[in-house]
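K.L.:
How does the following fold in three dimensions:
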Amino acid sequence: MNKSKLKSLVKSAKKALKADIKLGLIKELKQITGKLGQESKKISKEIEKGAEKLAKKISREIKIDKSTLVEPVADPKPAVAVKVTTPKVKEKPLKKETEQPS
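P.N.:
Numbering: from 1, shown residues only. Sure, this is the predicted structure:
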């Protein structure tokens, strides 16, 4: 794989990581403020700003392993058609039950 594709994969992985961290932080912080009964637009906006900044700092420090992004692609084997036959079962007529006098 050439360098430009690898860089693109790393960049998109970091972007996805940053978004996941941000969403996780926002979810947890809003849940905590909800429990405390302090929900407001101002607090929500501050949580989103702070979560974005923290996610940016954290994602910078995390190193992405390039070998996990580039996995060797194996050639898929062609599908082989297998004919499945089902055995035929002959139905036996039901025996009539006769009542026995007791």
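
K.L.:
After the helix ranked longest in the chain, which helix or strand is next? Please name it.
P.N.:
Ranked by residue count, the top helix of the chain under DSSP state H comes out as helix 3-36. Note on helix 3-36: by DSSP states H and E, the next helix or strand toward the C-terminus is helix 41-61.

K.L.:
before we move on, back to that, give me the angle between the longest helix of the chain and helix 41-61.
P.N.:
140 degrees (axes from the mean of the first three to the mean of the last three CA atoms, to 10 degrees).

K.L.:
Can you mark which positions in helix 3-36 are buried?
P.N.:
If you call a residue buried by 16 or more other CB atoms under 10 Å, then helix 3-36 has these buried ones: 9, 10, 13, 18, 21, 22, 25, 26, 29, 30, 33. For every residue, glycine as well, the C-beta is placed using N, CA and C.

K.L.:
Between those residues, which sits nearest residue 48?
P.N.:
Closest approach between the buried residues of helix 3-36 and residue 48, by CB to CB: residue 26, at 6.0 Å.

K.L.:
Report the mean confidence score over stretch 16-36.
P.N.:
When pLDDT is averaged along stretch 16-36, the result is 91.

K.L.:
Contacts made by that stretch with the rest, please.
P.N.:
Here stretch 16-36 makes contact (CB atoms under 8 Å, 6 or more residues apart in numbering) with 39, 43-44, 47-48, 50-52, 54-56, 58-59, 62, 64.

K.L.:
Just the buried residues from those, in ChimeraX please.
P.N.:
The ChimeraX selection below is limited to those of the contacts of stretch 16-36 classed as buried (16+ other CB under 10 Å):
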select :47,51,55,59
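
K.L.:
Go through the contacts of stretch 16-36 and say which is closest to residue 3.
P.N.:
Checking these against residue 3 by CB to CB gives residue 64 as the nearest, at 15.1 Å.

K.L.:
can you tell me how far that closest one sits from residue 7?
P.N.:
Counting by CB to CB, to the nearest Å, the gap from residue 64 to residue 7 is 11 Å.
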